[in-house]
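Peer 1: Below: sequence and its predicted model.
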Amino acid sequence: MSRLPLEGIRVVDITVAWSGPFATMLLADLGAEVIRVENRRHFPPATRGTMARPTKSVMAGSVGASYPNREAGERPWNRFSWFNSMGRNKLSMTVDLAQPKGLEIVKDLIKISDIFVENNPPGTMDKLGLGYHVLKKVKPDLIMICMSAFGNSGPYRDYKGFAPVMEALLGHTWLRGYQNSDPTQTGVPVYHADACGGATAAFAALVALYHRKQTGEGQFIELSQAESMIPHLGEAIMDYTMNQREQGPLGNRSPFKAPQGCYKCKGDDKWVNISIGSDEEWEKFCQILGNPGWTKDERFSDMLVRYKNHDELDQIIEEWTKGHEPYEIMHLLQKEGIPCGPVLSEGDALSDPHLKERAFFLQLSHSEAGTHPHPGFLWKMSQTPPVVKSPTPCLGEHNDYVYRELLGKGEEEITQLKKEGHIGTDYLPQII
Amino acid sequence: MKKHFQQALSNVRVLDLTHYIAGPYCTKLLANYGAEVIKVEKPGEGDGARRLGPFLKDEPHLEKSGLFLYLNTNKKGITLNLKTKLGIKIFKDLVKWADVLVENFEPRVMPSLGLDYETLKQINSKLVMTSISNFGQTGPYRDYKASEIILYGMGGAMISTGLPERPLKLAGSVVQYQAGTVAAVATMGALIASKFQGIGQHVDISIIETQECSADRRTTNLLSFAYSGGTTFFRAHRMGLLIMPHGRYPCKDGFVEYAGGEPVFWPRWVKMLEMPELLENPRFKDLADLSHRGEFEAIFLPWLVELTKREATEKAQKAGVPGAAIQTPKEVVNDPHFNERGFFVEIEHPEAGKIKYPGCPFKTERTSWEVRRPAPLLGQHNEKVYCDLLGYTKEDLIKLKAMGVI
């Protein structure tokens, strides 16, 4: 095995919530040394918790499930699944950016780093004194990735937005829903924009790094998470620009398949997806079901009429699926080459034989959260396979490494920095 | 666009054996930032996406599929029959030329053509070969068939998406686009190892694994379940984090989305509603006590229904509440923000004419995103590639065509 592609590359990570930490996890998986810069005085939303010290009622609610055994523990910020699922291979330092000294410390760190990633509202870094024009002087070949919800210009520049807000404005929310229903009947929000923005930002960092390796030039990259996701809706956008057609929600259907749907199975909340894209697949499907009379019905004889009579067909299929388990149906249909698969609950995925054989889940031990299976790497590589060097860091876990080894601070300075609130392993007591 | 800068990837050569969505989106990302991408298609038929809509004016035509046109801008296109001996020989010549090969066939296909990684690395030891497949190159489901809904159901967060009554997929093909994006990340990582360490390798992308560890909340739910046997995000009519509305609500002319499940947003909600007295209301002291959610909605819903979605967006954003209008594709294409930023670009194509396309996913100071050419016609660059690059003569091309090789 060889050295990982990004070994020797240091990333300063000041990101919050999901998209930024996802981006830097991908860079860490490629071998970069990612140092999270965190602040004991500031608790960013949806990052190391919804609250630094969750109340009893928060713990009793759905957020409680994100802590081991539903217990917040003494330092809840180290036990939170949202953060811990994207923190492998990263280091954590604390520094107070509200103090001038804190800014100098971050600049000193950037001076010996390669990439700086942030996903705060536009203007935040400039206000802090960490804008690109400042940092470029500190580190001329720096790559700075600024990933905000809507970008650094335009009327929505200052819009506050988690992924659902972006997805509302960029069209995904409209297109995603049950058929013949309005957006209020779609249930809980989804966060594809975080996954997409994060992966696109990691790609951007690598493109810039490739350029730097050849030319020595760093650069500023501006990523609007919304604009990184509109491309994922390519065909719906093109249908409008080509044909002025406004696509609407298709539920679980596809214009090119019939039947396609999510069907109820035997058991509690068990479901199977079936997706039939040709008459040949349809005939095999009918055979598996034993060719009951309705399969000869001319309302289902070809793709076009099956699509037209889809509701009825769904009911008939579900009568059959209800008597079987999802995995059983998958194997039965796949044996005949019919696209089919269970809707895997979290528990199903954790014990799925395919994911197990591919060693997808990683058994990681975390000093404050315990030992658990974690979702693993997003790729396999034959020569530079990703490895786990360390689990998600506790807050400030690597202060010693950063302050002493990287920044060369001595004992006295460290004592002073602790006193001033920079160095620590907890959030200040007044932080809720 | 800063034309005076060389594009970041302009010395990168990509041999593109992909079709449909995930593979083509990966190579599109590379092409947009400068890579020279040669797309190999089956003679006469081409990429299956050419036969999927939406079609220009609803007229099915190999050169008028919006899906294909969109996914293949900036690529050169050749035809080559990989079921012929000569086709394989020519393909291997192209492998010699390439830095990167991306393919998204079912895993059994490349070995069956004699084009497995072990063979290709003998020809080009520094080659990065990225294989994108539904379930990955190994494992018991390796040869299973899938489609968007199946990938989301097995890999993604479908079990926790939608209403309790039935799980719901995401719109369109976003799972496959996301897999293409992740594949581009991994390919760039491997390319850096190839160019600067001299290491070639095989990259195995399983689309379901790009979902299982995805920040769309699948990865958080999986770890939550491992932690506590439960999850924070599950199918429900509403998100139940705090009493403030979370999700989609009707207004005068459409719908508005609200997000943000943290107490920090509460004073902003009060400010948005212009009802400071709510801060003093004892029933709203414990925001996580959902028994008072109904009372708050009784205040909020009538307030919202008086506003247009645009007005509601302005009010939310002015107060710092994460909320915004739910827009249709038409509204997205005509949106003042995306247009002021020049997001949509017009591209002229010889058969499909001038059409607006979604543009660049991020802006770079140097090494720009650029539209250099529209999607290729089927076999458009045969002469350029076979004659100029590989040294065949025009007479050879006629013979190759007659033999069904190109």
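Peer 2: That came in fine, so what should we check first?
Peer 1: what about the one helix or strand in chain B whose mean pLDDT sits lowest and chain A, any contact?
Peer 2: Least confident element among the helices and strands of chain B, by mean pLDDT, DSSP states H and E: strand B:363-364 (a mean of 89). Yes. Interface with chain A: strand B:363-364 contributes B:363-364 (Cβ under 8 Å from any Cβ of the partner chain). C-beta here means a position set from N, CA and C on the backbone, and glycine is covered the same way.
Peer 1: Pairing partners for that strand, with directions?
Peer 2: strand A:219-224 (antiparallel) (DSSP bridges).
Peer 1: With only the CA atoms kept, save the partner strand in CSV.
Peer 2: The C-alpha trace of strand A:219-224 is given here as CSV (Å, rounded to 0.1, in the frame of the first residue of the first chain):
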residue,chain,number,x,y,z
GLN,A,219,-6.9,30.4,-5.0
PHE,A,220,-10.3,31.4,-3.6
ILE,A,221,-13.2,29.2,-4.3
GLU,A,222,-16.8,30.3,-3.8
LEU,A,223,-19.4,27.6,-3.6
SER,A,224,-23.1,28.2,-3.3
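Peer 1: Mind giving me the packing neighbours of the next helix or strand after that strand?
Peer 2: Per DSSP states H and E, the first helix or strand lying C-terminal to strand A:219-224 is helix A:225-229. If you count contacts as 3 or more Cβ pairs under 8 Å, 6 or more residues apart in numbering or on different chains; DSSP states H and E, helix A:225-229 packs onto helix A:163-170, helix A:192-215.
Peer 1: Relative to residue B:17, tell me which of those helices wins on proximity.
Peer 2: Proximity to residue B:17 (Cβ to Cβ) singles out helix A:192-215 among the helices and strands packed on helix A:225-229, at 20.5 Å.
Peer 1: got the angle between the closest one and strand A:219-224?
Peer 2: Orientation check (axes from the mean of the first three to the mean of the last three Cα atoms, to 10 degrees): helix A:192-215 against strand A:219-224 gives 160 degrees.
Peer 1: so what's the spatially most central residue of chain A up against?
Peer 2: Taking Cα atoms, centre = their mean, the centroid of chain A lies closest to residue A:195, which sits 3.8 Å from it. When contacts are counted by Cβ atoms under 8 Å, 6 or more residues apart in numbering or on different chains, residue A:195 touches A:19, A:22, B:178, B:214-216.
Peer 1: domain assignment for chain B?
Peer 2: Following automatic domain parsing, chain B resolves into domains at B:13-215+B:344-402, B:247-331.
Peer 1: Pull up the distance across the longest one, start to finish.
Peer 2: Terminal residues of domain B:13-215+B:344-402 lie 29 Å apart, using Cα to Cα, to the nearest Å.
Peer 1: what's the neighbour count on residue 289?
Peer 2: Since no chain was named, I'll use chain A. 14 (other Cβ atoms under 10 Å in any protein chain shown).
Peer 1: meant chain B actually
Peer 2: If you count neighbours by other Cβ under 10 Å, residue B:289 ends up with 16.
Peer 1: ok, now which ones touch it?
Peer 2: A:57, B:243.
Peer 1: Got the domain ranges for chain A?
Peer 2: A:10-231+A:359-419, A:260-350.
Peer 1: center of chain B, which residue is that?
Peer 2: So for chain B, Cα atoms, centre = their mean, it's residue B:177, sitting 2.3 Å from the centre.
Peer 1: Report the separation between that residue and residue A:56.
Peer 2: Residue B:177 is 42 Å from residue A:56, where distance means Cβ to Cβ, to the nearest Å.
Peer 1: What score does residue 60 have for pLDDT?
Peer 2: Let's take chain A. Note on residue A:60: pLDDT of 94.
Peer 1: try again with chain B
Peer 2: Residue B:60 is assigned 95 on the pLDDT scale.
Peer 1: how close does residue A:293 sit to residue B:397?
Peer 2: According to Cβ to Cβ, residue A:293 stands 56 Å off from residue B:397.
Peer 1: Compare these two and say which is more crowded by neighbours.
Peer 2: residue B:397 (16 against 6).
Peer 1: Then that one would be within a helix, right?
Peer 2: Yes. Secondary structure of residue B:397, determined by DSSP: H, G, I helix; E, B strand; the rest coil: located in a helix.
Peer 1: so how many other residues sit close to the nearest residue to it once chain neighbours are set aside?
Peer 2: Excluding its sequence neighbours, the residue lying closest to residue B:397 (Cβ to Cβ, 6 or more residues apart in numbering or on different chains) is residue B:386, at 6.0 Å. As a burial measure, residue B:386 scores 23 neighbours (other Cβ under 10 Å).
Peer 1: if I pick residue B:386, what's in contact with it?
Peer 2: By Cβ under 8 Å, 6+ apart, residue B:386 lies in contact with B:78, B:90, B:392, B:396-397, B:400, B:406.
Peer 1: What's opposite the closest residue to residue B:309 other than its chain neighbours in the beta bridge?
Peer 2: Counting by Cβ to Cβ, 6+ apart, residue B:325 is the residue found nearest to residue B:309 once chain neighbours are left out, at 3.7 Å. The partner list for residue B:325 in beta bridges (DSSP bridges) reads residue B:256.
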